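Chemist: sequence plus the predicted model coming up.
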Amino acid sequence: MAKSGEKQGQPKRSRRRKVAQPRSVRGIRPYDSETVFSLLADTMGEVAHRPRLDGVSELVWTILSQHTSDLNAGRAYDALRARFATWQEVVDVRTPLLVEVIRHGGLAQQKAPRIQEVLREVMERTGDYDISFLAEMPLAEAKAWLQTLPGVGPKTTGVVLSFALGMPAMAVDTHIHRVSQRLALIGPKITADEAHEILEGSIASERVFAFHVYLITHGRRVCKALRPLCNACVLAERCPSRAKLAEPGDTRQPDAGLAAKPL
């Protein structure tokens, strides 16, 4: 007798378990994160951590960078800092004017009120526009504090804590998510938001920042979304995706250097 909810004559569908880090994919044992780190480090060289902005400035820059290019985000950020001398001025200005100032970054109608809301919340909580105190907190607590700000998720949190405050938080963007899934550092059903904790926990804390830089560089220059350069990839030997993505006879070579920007 068929169980309730099953149709007679039809095989029962099995539910695939969401795997965080596959041990084998199509008979291939993928590299672990530490090995990927070492192979990419040998190719790209050492990564030095140099904070480019303070915490709140990084927070605003990251909001501006959402769904746009680094170039457009930079233009919007530079325009904002040129127009307003302090963050308090950004909070106090009429939102339509702020929209006009940051319009080069795209989605200004959404980003302008978000920036004002976040800055207002930081001031209310701390009495200042300084969040450097987060560096003295345990990583989990610092993440939780940032993620209670309006619209701040795991990626923005990872960028601010890692790039501005030197904490071992992993920031996962679309390039890192794609590379990690192709290499099977994370499972095929793991979302970008879920990948932050998995990748962060898969490597020594002192390597997290450089791991981010290596993966994002690899994604931009080798493991591209379209036509990845599999034949020039130092990770190809144990990449479960190579058989599907590699182009026979492809002689393209990646550009040299690092892409040290976070997004």
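Modeler: That came in fine, so what should we check first?
Chemist: surely residue 235 touches residue 42?
Modeler: No - look at residue 235 against residue 42 with Cβ atoms under 8 Å: they stay out of range, at 11.2 Å. Every C-beta, even on glycine, is put in place using the N, C-alpha and C of the backbone.
Chemist: the residue minimising distance to the centre of the chain: what's it in contact with?
Modeler: When the chain is reduced to its mean C-alpha position, the closest residue under Cα atoms, centre = their mean turns out to be residue 172, at 2.2 Å. Taking Cβ atoms under 8 Å, 6 or more residues apart in numbering as the contact definition, residue 172 lies against 154, 155, 158, 180, 192, 193, 195, 196, 199.
Chemist: hang on, the earlier thing: and residue 235 and residue 42? Which one has more around it.
Modeler: Set side by side, residue 235 and residue 42 show more neighbours around residue 235, with 22 against 9, by other Cβ atoms under 10 Å.
Chemist: which residue ranges make up each domain of the chain?
Modeler: Following the assignment in automatic domain parsing, the chain carries domains at 33-47+171-245, 55-164.
Chemist: look at the last one and report the distance between its end residues.
Modeler: Criterion Cα to Cα, to the nearest Å; first-to-last residue distance in domain 55-164 is 5 Å.
Chemist: can you check the first one too?
Modeler: Criterion Cα to Cα; first-to-last residue distance in domain 33-47+171-245 is 21 Å.
Chemist: how far out from the middle of the chain is that domain?
Modeler: In terms of Cα atoms, centre = their mean, to the nearest Å, the centre of domain 33-47+171-245 is set 11 Å apart from its chain centre.
Chemist: count of neighbours near residue 87?
Modeler: Residue 87: 22 neighbours (other Cβ under 10 Å).
Chemist: re the thing from before, selection in PyMOL covering whichever of the contacts of residue 172 are buried, please.
Modeler: Command for PyMOL that selects the buried part of those, burial taken from 16 or more other Cβ atoms under 10 Å:
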select buried, resi 154+155+158+180+192+195+196+199
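Chemist: take the contacts of residue 172 and keep only those in helices.
Modeler: Among these, DSSP state H puts 154, 155, 158, 180, 192, 193, 195, 196, 199 in helices.
Chemist: count of neighbours near the residue lying closest to the fourth one once chain neighbours are set aside?
Modeler: Nearest in space to residue 180, with sequence neighbours left out and distances taken as Cβ to Cβ, 6 or more residues apart in numbering, is residue 186 at 4.7 Å. Other residues lying near residue 186 total 26 when counted by other Cβ under 10 Å.
Chemist: gap between residue 186 and residue 104?
Modeler: Separation of residue 186 from residue 104 (Cβ to Cβ, to the nearest Å) stands at 34 Å.
Chemist: any chance of a markdown table for the contacts of residue 172, columns distance to residue 68 and pLDDT?
Modeler: Formatted as a markdown table, the contacts of residue 172 follow (distance: Cβ to Cβ, whole Å; pLDDT from 0 to 100):
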| residue | distance to residue 68 | pLDDT |
| --- | --- | --- |
| 154 | 19 | 95 |
| 155 | 14 | 93 |
| 158 | 18 | 96 |
| 180 | 23 | 98 |
| 192 | 17 | 95 |
| 193 | 20 | 94 |
| 195 | 21 | 97 |
| 196 | 21 | 96 |
| 199 | 24 | 97 |
